[in-house]
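In: no sequence on this one, just coordinates:
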Ligand SMILES: Nc1ncnc2c1ncn2[C@@H]1O[C@H](COP(=O)(O)OP(=O)(O)OP(=O)(O)O)[C@@H](O)[C@H]1O
Ligand SMILES: [Mg+2]
């Protein structure tokens, strides 16, 4: 029962957050200096089409009516037309969403798992050279400037060694080849994904490692660890079954807290590797002054962060019985 | 031969200020099936003694001197692996902070069966969980609660679960470190009574640690009074409780209410125990002792046997007995 | 009597600082961090020199009259030149100045906001607390870099101070959380109670009694905020939305990347990236070393840089 209350509360909080973001974005787009009409209407449109769209968006009506239209449009998935693509915005970003999710979730999960594992080992060997090296390595990889790291990885592994493609997500010769099977296609995407994922991985696992390490050190001081040792359990059992599950909880929390930060990195990575995701789309839209596309990409990214937060909350509840029951 | 024999045990903690001599020259022995209680103020080294018997001193703790013979083997010199096999199988412990002794993310029953499984490879999981069920019955926790997590238990239930855990491998010795301090008086009395019955039924030896002399007198055959890392009086329950010899013991007795009340009689002992990084010469209690004389600061008192099962370390008795 | 009490309960922060400093300096992380930072500070200060030596060393407008494309290091240009013959070394020095400017001012502002809001929320409690913390929740799920991007698209080219301001406005929640919980515990302490009974106003209690106690913690978070601000500014410049009137490290990286020199000109690709990474690392190390000086239980925000 507890868990229902907890999750309900979190879902309400998340919905409220989203509505605040939705509203603030609306106000910004309508009230920023300049003509709001020209921001929503593609300059290359024919006057009749433009007039039609203005009426549809209620741009000549009072602001509260516009807001209602805006909210309604959001929930019916109508984000207007992209200036650049001349297609409905939703279509454009909907195609990009899976790419972002694939890259983002897999790198976050991988870095969290590796960070937790290495942090555990580091804490267990506290004060030994292994620990020092791990801590230093984590600090360095965590503070490297992400776009630069991406460029360096491209330089070394794609340009010098030629192991991986420089940019993109697929190779045309494989995807246009009618004989290529699903496996070949998946492998091709995987091959393209290695470097972007390595970039995101490097930036993230260090911070998870450091948090796990300090959390583990705190946990090892707990009384139940002494109990476990008194019970005559093997040291590896104490470390893996008693200390680590408790110590990992703060890491899970911090994964949630740092999601917004991670998505910044995601957008940068997508841009450098021309990975066709929403983050890159947002950067592109901003550079092209494609307002409807920028607005919708931002909303979708906010939605992704919030949804991911919810997933983290559920995971936390699953891992911590004090919340589950 | 006694089950446990401790000879001249001294333990120190390395601290920033120097070596903190937490335990100094403690000797005692415990027979099979008997119980021994240690009493003393907070910080006098009771827990330290208990932990050293399981080889569980913290990293900065170190045995400086002495021997701990358990079943005739010196457990201070056996290997870490042998020690691990000995723990819980032979000597188990009820920890001071029972509230925190249970891992919050594991089911209580699993934490108990884990101990059973760790020490007997022939026991199946199902068998272990049957044994746990029996233990829950023994300590009086409803067995429907076995699958619960620690935070779902009340303080008293946690305490019982911790006791059940200590009994899991049918050890020969249990070290109970203030097992009831955090509980209210009624639950405390219940649990103490049950502990005593269990101990008698199962024939397990117990070392009972408390700062409350009346509790120890309720439960134990023998009592040792500790002050500032040293044993100052040692003897059977009747002797020590009914005719306390050491001034500290007497002060302790008048500073604690019994379970039945008598709170007006409370007289806290004025002053504080000495600094153990650089302990004073002579008797360690002398600064707080109402009967101290000049001599007390010169010589450390030696043991004086008052009765066959009652001895004390106070210079006044050395004098009384005099050179024979 | 009242004055007496105050003096006794106010932490002697300067003495604490001195004592903390000695612990800090014994920490290898602190030592390396401060040394690195010293080097960057030196770079920032000496960034004024090259243009004085020769106008062609001006990081933005100085062009070597004999060079029309990017060339490698030489005695004349220690780190080579960029695509239009500007000196990379002078750009690097100028970048240090921008990084400090952005990092320190944005961090200072966000810490100021975070500390103020945190103290108010923690001390006042109730409705004010709920409102501020919900606001913090909302801001915390927003990716700051992307927010700045959106604002850049709406308001056009942002200058460096606008960027700093936006970063500050979006980076206070993390600090305010920590300060709030500190303020909550402080509120329970007897000396606050005593001050209240003695008739001190809320403002006075917050500034005289609570603030001195939370300042060390705020200071710690400042180091993490500096890195956040530097990174966001650099990333923004890298994406091409920086202040075109300044030469920052992020801008340099954008030039090498966008002009297609990254495979040809390692001498140009490496320095700015190394500088951004190292300055981040140095502030981060200082933060961690400070963290160990302060109560370790107070920490817990290593990611949100
Ligand atoms: N890890 C440690 N490092 C340094 N000193 C310690 C350590 N553990 C205990 N001590 C010191 O050793 C002395 C004895 O501690 P111990 O825990 O054995 O006391 P105790 O009699 O069990 O007290 P209590 O009744 O409060 O549990 C105390 O003065 C304590 O400060
Ligand atoms: Mg104790």
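Out: Noted; the coordinates are in hand. Remember, it's a predicted structure, so these values are computed and weren't measured experimentally. Ligands and ions are numbered 1, 2, ... in the order given.
In: Could I get the contacting residues of residue C:147?
Out: With contact set as C-beta atoms under 8 Å, 6 or more residues apart in numbering or on different chains, residue C:147 has these partners: C:166, C:170. For every residue, glycine as well, the C-beta is placed using N, CA and C.
In: May I have the predicted confidence score for it?
Out: The per-residue pLDDT reported for residue C:147 equals 92.
In: got any ranges where the stretch 101-250 of chain A has weak pLDDT?
Out: Scanning the stretch 101-250 of chain A for pLDDT under 70 picks out no residues.
In: What ranges does it have for its helices?
Out: Taking DSSP state H, counting those that start in this stretch as the test, the helices found in the stretch 101-250 of chain A are A:129-143, A:146-153, A:172-175, A:182-219, A:223-230, A:235-237, A:244-257.
In: can you check the stretch 51-200 of chain B too?
Out: Listed in chain order, the helices of the stretch 51-200 of chain B (DSSP H, counting those that start in this stretch) span B:80-86, B:108-119, B:125-139, B:155-167, B:185-202.
In: so after the last one, what's the next helix or strand?
Out: Meaning helix B:185-202. Downstream of helix B:185-202, the next assigned helix or strand under DSSP states H and E is strand B:205-210.
In: how far is the following helix or strand past that next one from where the chain is centred?
Out: Downstream of strand B:205-210, the next assigned helix or strand under DSSP H and E is helix B:213-219. A distance of 12 Å separates the centroid of the chain from that of helix B:213-219, by C-alpha atoms, centre = their mean, to the nearest Å.
In: Helix B:213-219 near ligand 1 anywhere?
Out: No: using C-beta under 6 Å from any ligand atom, helix B:213-219 stays clear of ligand 1, coming no nearer than 12.5 Å.
In: Next, count neighbours for the closest residue to residue A:252 other than its chain neighbours.
Out: Distances taken as C-beta to C-beta, 6 or more residues apart in numbering or on different chains place residue A:316 nearest to residue A:252, at 5.0 Å, with adjacent residues excluded. If you count neighbours by other C-beta atoms under 10 Å in any protein chain shown, residue A:316 ends up with 19.
In: now do residue C:237
Out: Residue C:237 has 28 nearby residues by other C-beta under 10 Å.
In: quick one: which of the helices of the stretch 51-200 of chain B has the weakest pLDDT on average?
Out: The minimum mean pLDDT among the helices of the stretch 51-200 of chain B belongs to helix B:185-202 (a mean of 80).
In: The residue in the stretch 1-150 of chain C positioned nearest to ligand 1: what secondary structure?
Out: Scanning the stretch 1-150 of chain C for the residue nearest ligand 1 gives residue C:23, at 19.8 Å (criterion: C-beta to the nearest ligand atom). Secondary structure for residue C:23, judged by DSSP: H, G, I helix; E, B strand; the rest coil, is helix.
In: what residues are up against it?
Out: Contacts for residue C:23 (C-beta under 8 Å, 6+ apart) come out as C:292, C:293.
In: Find the centremost residue of the chain, please.
Out: Reading this off chain A. residue A:263 (4.0 Å; C-alpha atoms, centre = their mean).
In: Not quite, go with chain C.
Out: What sits nearest the mean C-alpha location of chain C, by C-alpha atoms, centre = their mean, is residue C:226, with 1.4 Å.
In: Please identify the helix or strand for it.
Out: Counting by DSSP H and E, residue C:226 is found in helix C:211-238.
In: and the gap between the closest residue to residue B:51 other than its chain neighbours and chain A?
Out: Of all residues not flanking residue B:51 in the chain, residue B:57 sits nearest, at 5.3 Å (C-beta to C-beta, 6+ apart). For residue B:57, the distance to chain A equals 11 Å [C-beta to the nearest C-beta, to the nearest Å].
In: looking at it, residue B:57 is touching residue B:14, isn't it?
Out: No: between residue B:57 and residue B:14 there is no contact under C-beta atoms under 8 Å: 11.1 Å.
In: more crowded one of those two?
Out: residue B:57 (17 against 12).
In: Next up, the contacts around that one.
Out: Going by C-beta under 8 Å, 6+ apart, the list of residues near residue B:57 reads B:11, B:48, B:51, B:63.
In: How about the backbone phi and psi for residue B:56?
Out: Here is the backbone geometry of residue B:56 (degrees, to the nearest 10): phi -120, psi 30.
In: What about it, how many residues nearby?
Out: When neighbours are counted by other C-beta under 10 Å, residue B:56 registers 17.
In: related to what we said a few turns ago, okay if I get the helices of the stretch 51-200 of chain B as JSON lines plus distance to ligand 2 and mean neighbour count?
Out: Shown next, in JSON lines, are these (distance: least, C-beta to the ion, whole Å; neighbours: other C-beta atoms under 10 Å in any protein chain shown):
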{"stretch": "helix B:80-86", "distance to ligand 2": "21", "mean neighbour count": "14"}
{"stretch": "helix B:108-119", "distance to ligand 2": "22", "mean neighbour count": "23"}
{"stretch": "helix B:125-139", "distance to ligand 2": "22", "mean neighbour count": "17"}
{"stretch": "helix B:155-167", "distance to ligand 2": "15", "mean neighbour count": "24"}
{"stretch": "helix B:185-202", "distance to ligand 2": "17", "mean neighbour count": "16"}
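In: want to try TSV for these, with distance to ligand 1 as columns?
Out: Output for those, formatted as TSV (distance: least, C-beta to the nearest ligand atom, whole Å):
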stretch	distance to ligand 1
helix B:80-86	19
helix B:108-119	23
helix B:125-139	23
helix B:155-167	16
helix B:185-202	16
